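A.B. asks: Here is a sequence with its predicted model. Questions after.
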Amino acid sequence: MRRWILVAAAAMALGGSAGAQQGGDPPHAWVFGSWTGGIYPPGETSGPRCTGQPAVIFTKDVVLRASVFDVAYRQRIIETVATSPDVLEFRFVPAAGPTGPMASRMPADIGFGCATGPNTLRVERRGPNEIAFPNCTEFPSPLQRCVGN
C-alpha cells in the first residue's frame, strides 16, 4: 500500500512539473532554428541552400555547429541558459573526451572559439533575424536566420 502511495505521489510530482514546462516556451526559444553565416559572412537566407547547410542549429536541448574540417555537426548539449534583454548565455554539458588506448584528442572545434572556453556561448541579438557570437574567433561574422524553403 505504501509503495502505491509513493508511486502516485511521484507521478503527480513529475506530471505537475512536466505540465509547467510545457505551458511556456523556454527562455531561448527566440533563437530556435537554422542560422547561416558566422564562419563566413551570411549568404542566402531562404531556400534549400540555407536550410540544407546551416552553420548553427539551435533546439530546445542542443546546439549544433558546422565544422570547417568535418562533415558532421558538433553537438553540444545545453546545461543552462541565462537571459537578459537580447542576450543569451549558454552553458553546455562539458564535453567528455575520448577514452581508451586508441582514443584521439577532442576536436579543436568542439566549442565556438570563445574567450570564455568551449563550454560557454554568448549570443547577442542584433536584429529580428540576426545574431552574433561576440569574442568567438571561429564565428567572427554575424549569423542570419534561414527562413522558408
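C.D. replies: Sure thing, it's come through. Numbers count the residues shown, from 1 in each chain.

A.B. asks: Find the centremost residue of this protein, please.
C.D. replies: For the chain, the residue sitting closest to the mean C-alpha position, by CA atoms, centre = their mean, is Val63 at 2.2 Å.

A.B. asks: does that one really touch Leu121, like I thought?
C.D. replies: Yes: applying CB atoms under 8 Å as the test, Val63 and Leu121 come out as touching, 7.0 Å apart. In this view, the C-beta of every residue, glycine as well, is placed from N, C-alpha and C.

A.B. asks: Which residues does Gln144 form beta bridges with?
C.D. replies: Beta-bridge partners for Gln144, by DSSP bridges, are Thr36, Glu130.

A.B. asks: Double-check that Cys50 belongs to a strand.
C.D. replies: No: counting by DSSP: H, G, I helix; E, B strand; the rest coil, Cys50 is not part of a strand but helix.

A.B. asks: which residues does it contact?
C.D. replies: Ser34, Thr36, Gly43, Glu44, Cys146, Val147 (CB atoms under 8 Å, 6 or more residues apart in numbering).

A.B. asks: Kindly recompute the last result at 10 Å.
C.D. replies: 34-37, 42-44, 144-149 (CB atoms under 10 Å, 6 or more residues apart in numbering).

A.B. asks: ok, now Phe133?
C.D. replies: Neighbour list for Phe133: 38, 56, 65, 112-114, 121-124, 139-143 [criterion: CB under 10 Å, 6+ apart].

A.B. asks: Please pick the buried ones from those.
C.D. replies: Applying 16 or more other CB atoms under 10 Å to the contacts of Phe133, the neighbour count classes Gly38, Val56, Arg65, Phe112, Cys114, Leu121, Arg122, Val123, Phe139, Pro140, Pro142, Leu143 as buried.

A.B. asks: And the first one, how far from Val123?
C.D. replies: Same thing as Gly38. 11 Å (CB to CB, to the nearest Å).
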